[in-house]
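*Asks:* turn this into a model:
(chains A and B)
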Amino acid sequence: MSTAIEIDDLSFAHTGADLPALERVSFRISAGESVALLGPSGAGKTTLLALLDGRLQGWSGRVSVLGAPLDPDRPPPSARRPDTGFVFQEFALVERSTVLRNVLNGRLGRMSPLRALMGSPTKHDLEIARTALADCGISDLAERRVDSLSGGQRQRVAIARCLAQEPRLILADEPVSNLDPARACEILALLTGAARARGATALFSSHQPDLARRFAQRIIGMRDGRIVFDVPTSELNDNATAELYREVEPSPGIGLRAVS
Amino acid sequence: MAFRGFGGFATSGLIATAILWSFATTDVEFSRLLSAGPRIADFLGRMFPPDPTVMAEIKKGSAETLRIAILGTLGAVILSVPLGILASETMVSPAVFRPIRTLLAFIRAIPLILVAMLMVGAVGLGPLPGIIAVAFHATGMLAKFYAEAIDGVSRAPIAALESAGAGPLVRLRYAIWPQMAPVVARDTIFRFELNLRESLILGIVGAGGIGFYIQTYVRSFQYDKAASVTIAVVVMVIAIEAINVALRRRFA
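*Replies:* Reported below is the predicted structural model:
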């Protein structure tokens, strides 16, 4: 089976930060897998996903995405970017544009720059956008402006935009943490189902163990920028999750300082 | 708060010195102010009734002022689009936007009337120097506004389009422009209103428009005609402001 993501000894620190956001991270994800990154806030999940999307530079180690190595110093060539789709926690939609326009934005990297600037998608582009809308169950919202939609509807638009890219790898950063539990299940089912139907690899982050268990074949636990465990979902036990979310032992002195 | 401690004491002293110096060196004769009452009354008396026979001049002058404001604003928009992009920290690096912002601040510091006088010297009398002056002067503010509109948009959709493989101009077109369009519309209308008000005086230095007639009639002591033109100017400003208030509401 071919490899979708290969990370070897990856470390990264945000500029001005004391502690590294990622420390000696290594793992490999095969094409077609559906994997969850599990961990508390600040574990480095967002940083890792943005880095895999080619939006962070200045890291060390070796990272290869869809068979091509990432350059630690410059973003990947734009021709390769559509292959990796990204779903954001805050949806990242253009609020004043229509649903269809937002989904077509996912096609921009597949068009020639001139065609993209002229705003004239081909029949093929429109067809793919319409299919993505249908797959996400929002065909009837196509002409609505995004600022009139609910959170669940917005994340469906964002997923449709991602699917319109025809990605081979789908990265999703806390895609459901802004949604209620019922909506969260719907959206993750949609996301992982669409990836499976297209033969794409899915890597999503979550801080909710039950959601990770339900929608991933494999779970990578992260804490403080390090991998704590990496197991098939069936082998995830409660001790491991508890360890992941263990509270930091209070160091003496902090309490005293807080009082004064 | 602002005048506490030695710094505050020094500031107060500086302001007092500035005021005293201005009085001492300006020859303010309060006696002239006291005798001004009758002269102002005489002046106002000569303005009434306003002479309605200058309608043709008013029409010609206000149409020219309106044209200067419209074409001057158009010129400013054309200059401000590229300069606004180059002054935005979202679109370019500090090495580009810092000098461009300094240039814009420099342009803003030059009064319109000064630019107009220079332009009259360069291209001769008439509305052309007025249009160029308004376009130049307004660009200092409008390009800054456009840059702020670009920098004020939500970054997330820009990152999303970058992730999808869209280049900088395509991101500007589909992630930034839809967000900034209403701001740009409001800013441009606002600047047009300012351009119209400011271009009323351009005629005084020979740069075209209705100001020419005010200047001519006052110099030749035809105060009743000057009054008519002044009324026309006031009506024009109020009308434009009312239209702009209505337009701005549409872009909320």
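
*Asks:* for the most centrally placed residue in chain A, give the beta-bridge partners.
*Replies:* When chain A is reduced to its mean C-alpha position, the closest residue under CA atoms, centre = their mean turns out to be A:A172, at 1.8 Å. Residues in a beta bridge with A:A172, per DSSP bridges, are A:V87, A:F204.

*Asks:* distance of it from chain B?
*Replies:* According to CB to the nearest CB, to the nearest Å, A:A172 stands 12 Å off from chain B. Placement of C-beta: from N, CA and C, glycine included.

*Asks:* mind listing what that residue touches?
*Replies:* A:49, A:86-87, A:191, A:202-205 (CB atoms under 8 Å, 6 or more residues apart in numbering or on different chains).

*Asks:* likewise for A:G39?
*Replies:* A:45, A:205, A:207, A:221-223, A:228, A:244.

*Asks:* other SSEs contacting the helix ranked longest in chain A?
*Replies:* In chain A, with assignment by DSSP state H, the single longest helix is helix A:181-197. Helix A:181-197 sits against strand A:34-38, helix A:151-164, strand A:169-172, strand A:201-206, helix A:209-215, with contacts defined as 3 or more CB pairs under 8 Å, 6 or more residues apart in numbering or on different chains; DSSP states H and E.

*Asks:* between the ones you listed, which one is closest to A:T131.
*Replies:* With CB to CB as the criterion, A:T131 lies closest to helix A:151-164 of those, at 8.0 Å.

*Asks:* how about that closest one as PDB, C-alpha atoms only?
*Replies:* Output in PDB follows, covering the C-alpha atoms of helix A:151-164 (Å, rounded to 0.1, in the frame of the first residue of the first chain):
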ATOM      1  CA  GLY A 151     -22.700  26.300  11.800                       C
ATOM      2  CA  GLY A 152     -23.500  22.800  10.600                       C
ATOM      3  CA  GLN A 153     -24.400  24.100   7.100                       C
ATOM      4  CA  ARG A 154     -21.300  26.100   7.000                       C
ATOM      5  CA  GLN A 155     -19.000  23.100   7.800                       C
ATOM      6  CA  ARG A 156     -20.900  21.200   5.000                       C
ATOM      7  CA  VAL A 157     -20.000  24.100   2.600                       C
ATOM      8  CA  ALA A 158     -16.400  23.900   3.800                       C
ATOM      9  CA  ILE A 159     -16.300  20.200   3.200                       C
ATOM     10  CA  ALA A 160     -17.800  20.600  -0.200                       C
ATOM     11  CA  ARG A 161     -15.100  23.200  -1.000                       C
ATOM     12  CA  CYS A 162     -12.500  20.700   0.100                       C
ATOM     13  CA  LEU A 163     -14.000  17.900  -2.000                       C
ATOM     14  CA  ALA A 164     -14.100  20.200  -5.100                       C
END
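
*Asks:* what sits up against that helix?
*Replies:* The contact list for helix A:151-164 (CB under 8 Å, 6+ apart) reads A:85-88, A:91-93, A:99, A:102-107, A:128-129, A:132-133, A:135-138, A:141, A:146, A:149, A:170, A:175-176, A:178-179, A:183, A:186-187, A:190-191, A:194, A:198, B:160, B:164.

*Asks:* try it again at 7 Å.
*Replies:* A:85-88, A:91-93, A:99, A:102-107, A:128-129, A:132-133, A:135-138, A:141, A:146, A:149, A:170, A:175, A:178-179, A:183, A:186-187, A:190-191, A:194 (CB atoms under 7 Å, 6 or more residues apart in numbering or on different chains).

*Asks:* check stretch A:235-242 too.
*Replies:* Residues outside stretch A:235-242 that contact it (CB under 7 Å, 6+ apart) are A:209, A:213, A:219, A:221, A:229.

*Asks:* quick check, distance from it to the centre of its chain.
*Replies:* Here stretch A:235-242 shows a centroid-to-chain-centroid distance of 23 Å under the convention CA atoms, centre = their mean, to the nearest Å.

*Asks:* which bits of the stretch 1-150 of chain A sit near chain B?
*Replies:* Neighbours of chain B within the stretch 1-150 of chain A, by CB under 7 Å from any CB of the partner chain: A:53, A:55, A:78, A:81-82, A:86, A:88, A:90, A:92-94, A:96-97, A:105-106, A:108-109, A:113, A:116-117.

*Asks:* now restrict those to buried residues only.
*Replies:* Applying a neighbour-count criterion of 16 or more other CB atoms under 10 Å in any protein chain shown, the buried members of the residues of the stretch 1-150 of chain A next to chain B are A:53, A:78, A:81-82, A:86, A:88, A:90, A:92-94, A:97, A:105-106, A:108-109, A:116-117.

*Asks:* tell me where the model's unsure across chain B.
*Replies:* Applying pLDDT under 70 to chain B picks out residues B:1-4, B:251-252.

*Asks:* no, scratch that, I was asking about the stretch 151-260 of chain A
*Replies:* For the stretch 151-260 of chain A (pLDDT under 70), the answer is A:248-260.

*Asks:* look through the stretch 1-150 of chain B and state the residue closest to chain A.
*Replies:* B:A149 (13.2 Å; CB to the nearest CB).

*Asks:* ok, that residue touching B:V183?
*Replies:* Yes - contact criterion CB atoms under 7 Å: B:A149 and B:V183 qualify, at 4.2 Å.

*Asks:* give me the more crowded residue out of the two.
*Replies:* Per other CB atoms under 10 Å in any protein chain shown, whichever of B:A149 and B:V183 has more neighbours is B:A149, with 22 against 17.

*Asks:* residue 51: how many residues sit nearby?
*Replies:* No chain in the question, so chain A it is. With other CB under 10 Å as criterion, A:L51 counts 25.

*Asks:* looking at chain B here, not the other one
*Replies:* With other CB under 10 Å as criterion, B:D51 counts 17.

*Asks:* tell me who's in contact with it.
*Replies:* So B:D51 contacts B:224-225, B:228 (CB under 7 Å, 6+ apart).

*Asks:* among these, which lie within helices?
*Replies:* In this view, the contacts of B:D51 that belong to helices under DSSP H are B:224-225, B:228.

*Asks:* could you look up the SS state of A:F229?
*Replies:* Following DSSP: H, G, I helix; E, B strand; the rest coil, the label given to A:F229 is strand.

*Asks:* who are the contact partners of it?
*Replies:* By CB under 7 Å, 6+ apart, A:F229 lies in contact with A:221, A:240.

*Asks:* and with 10 Å instead?
*Replies:* A:F229 makes contacts with A:38, A:219-223, A:235-237, A:240-241, A:243-244, as judged by CB atoms under 10 Å, 6 or more residues apart in numbering or on different chains.

*Asks:* need the helices for the stretch 101-250 of chain B, in chain order.
*Replies:* Using DSSP state H, counting those that start in this stretch, the helices of the stretch 101-250 of chain B run over residues B:112-123, B:127-151, B:156-163, B:168-171, B:177-199, B:211-219, B:223-250.

*Asks:* chain A too?
*Replies:* So, for chain A - with DSSP H - the helices run A:45-52, A:99-105, A:113-118, A:123-135, A:151-164, A:181-197, A:209-215, A:238-245, A:254-259.

*Asks:* closest point of the stretch 101-250 of chain A to chain B, which residue?
*Replies:* Proximity of the stretch 101-250 of chain A to chain B (CB to the nearest CB) peaks at A:G109, 2.3 Å away.
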